[in-house]
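Undergrad: Just a sequence and a predicted model for now, questions to come.
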Amino acid sequence: MKANESNNYTFSSSIELAVQKVAPRTLLEFDWSSLTKNFQGHPVAPATDIQSMVLIVWNLPPAEVAQKINDDAPDISSYVQATVQFVTDGVTSAHLSEFTAFGSEVTEETFLEYLDPDVNDPATHCYTLMAQTGTNLGQDVQMIQAFQVDPAETTAVVTMSDESTHLEWQTDLEALTPTVVPAGTPDVVIDWSAMTTHGYGGTFVPNQITEVLIGRLSKSVAEIEADFLNLEFIADDIWRANVTSGTSFKLGDLTHEENGSAFPGVTADETWVLGLLCTTCTNPTPWYITTVETCP
């Protein structure tokens, strides 16, 4: 079973980052205690779900950072001047001095230099605080709060909230050509080696797929499309697996995310959705989503 652009969904989105102004050359405080949902609208408990906070110094203004993140731009890392991280251990606020660079302490002077408008012109630079459910830099991002230095500002606290990042989106699952497979046959192999463009228009790099999933839903395609961001919440069952190498995967090796049972194959009386994901990408949107139907 070959993955093709004609079988793939389309997705478009835009991200807007709220921007706070902070005092220059100041050891800032960061607070994410009021966070209750991520930018996709899913519930988040800041003390238990957020495992790390990542602070990035960008050689870009906020609007361009938002565009790069939205597009999952392949050159995004070239605009990063510095990255520091705080592992939360259940707390919901931190002082800048507690952040480290790959586990190593950062000097106070280095932090102050990052926030010096004479070094990083506010017209061309900004900073983002990212709340993550994991500790790998730039992955599993739940919310983003942007901020900029303002020489006239005295505020020394950056506060993350549910309004820090605003996502607009639309998707189309009905225009695609469904993928057809034999009913009740789990040992079908999905091969995505020929894919060149992913669902939201960027380059599909086959060896960057890190997860395959298939979901069973007692909903119509139109209903799934309307609630797409909640796909994994509205599915009745999901079978999934990590991809460690290669550009193909046997669906029979997928396991149920709750009970560990093997994927049994698709049936004719329900809606089935197959997804290919890049979980290491900054943008969490699936690269490939297709509906799966049984042979007539």
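TA: Happy to help now that I have it.

Undergrad: Show me the helices in the stretch 51-200 of the chain, by range?
TA: Along the stretch 51-200 of the chain, the segments classed as helices by DSSP state H, counting those that start in this stretch run 62-71, 108-114.

Undergrad: Could you look up the SS state of residue 252?
TA: Of the three states, residue 252 takes helix under DSSP: H, G, I helix; E, B strand; the rest coil.

Undergrad: The residue lying closest to it once chain neighbours are set aside: what's it in contact with?
TA: Leaving aside its sequence neighbours, residue 252 sits nearest to residue 186 (C-beta to C-beta, 6 or more residues apart in numbering; 3.8 Å). Quick note: C-beta positions are derived from backbone N, CA and C, even for glycine. Counting by C-beta atoms under 8 Å, 6 or more residues apart in numbering, residue 186 touches 251-252, 262-265.

Undergrad: Tell me the pLDDT of the closest residue to residue 267 other than its chain neighbours.
TA: Closest residue in space to residue 267, ignoring its immediate chain neighbours: residue 183 at 6.2 Å, by C-beta to C-beta, 6+ apart. On pLDDT, residue 183 comes in at 95.

Undergrad: Next, give phi and psi for residue 183.
TA: The phi and psi values for residue 183, taken as degrees, to the nearest 10, are phi -70, psi 140.

Undergrad: For burial, what's the neighbour tally of it?
TA: By other C-beta atoms under 10 Å, the residues close to residue 183 number 12.

Undergrad: just to revisit the earlier point, save the helices of the stretch 51-200 of the chain as a markdown table, and put in distance to residue 283, mean neighbour count and mean pLDDT too.
TA: Below are the helices of the stretch 51-200 of the chain laid out as a markdown table (distance: least, C-beta to C-beta, whole Å; neighbours: other C-beta atoms under 10 Å; pLDDT from 0 to 100):
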| stretch | distance to residue 283 | mean neighbour count | mean pLDDT |
| --- | --- | --- | --- |
| helix 62-71 | 6 | 19 | 96 |
| helix 108-114 | 25 | 15 | 98 |
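
Undergrad: now these as a markdown table including distance to residue 247?
TA: Below are the helices of the stretch 51-200 of the chain laid out as a markdown table (distance: least, C-beta to C-beta, whole Å):
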| stretch | distance to residue 247 |
| --- | --- |
| helix 62-71 | 23 |
| helix 108-114 | 40 |
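
Undergrad: Of all those helices, which one is nearest residue 218?
TA: Comparing these by their distance to residue 218 (C-beta to C-beta), the top pick is helix 62-71, with 32.0 Å.

Undergrad: The closest one - contacts with which helices or strands?
TA: strand 10-17, strand 126-132, strand 141-149 (3 or more C-beta pairs under 8 Å, 6 or more residues apart in numbering; DSSP states H and E).

Undergrad: so how far is the last one off the chain centroid?
TA: Okay, so that is strand 141-149. Centroid separation for strand 141-149 versus its chain: 14 Å, with C-alpha atoms, centre = their mean, to the nearest Å.

Undergrad: got the angle between it and strand 10-17?
TA: Strand 141-149 and strand 10-17 meet at an angle of 40 degrees, taking axes from the mean of the first three to the mean of the last three C-alpha atoms, to 10 degrees as the criterion.

Undergrad: of the contacts of residue 186, buried ones?
TA: Among the contacts of residue 186, those classed as buried by neighbour count (16 or more other C-beta atoms under 10 Å) are 251-252, 263-265.

Undergrad: Residue 48: which of these is nearest?
TA: Proximity of the buried ones among the contacts of residue 186 to residue 48 was ranked by C-beta to C-beta; the top entry is residue 263 with 30.4 Å.

Undergrad: for this protein, where's the lowest mean pLDDT among helices and strands?
TA: Ranked by mean pLDDT, DSSP states H and E, the weakest helix or strand in the chain is helix 231-234, scoring a mean of 94.
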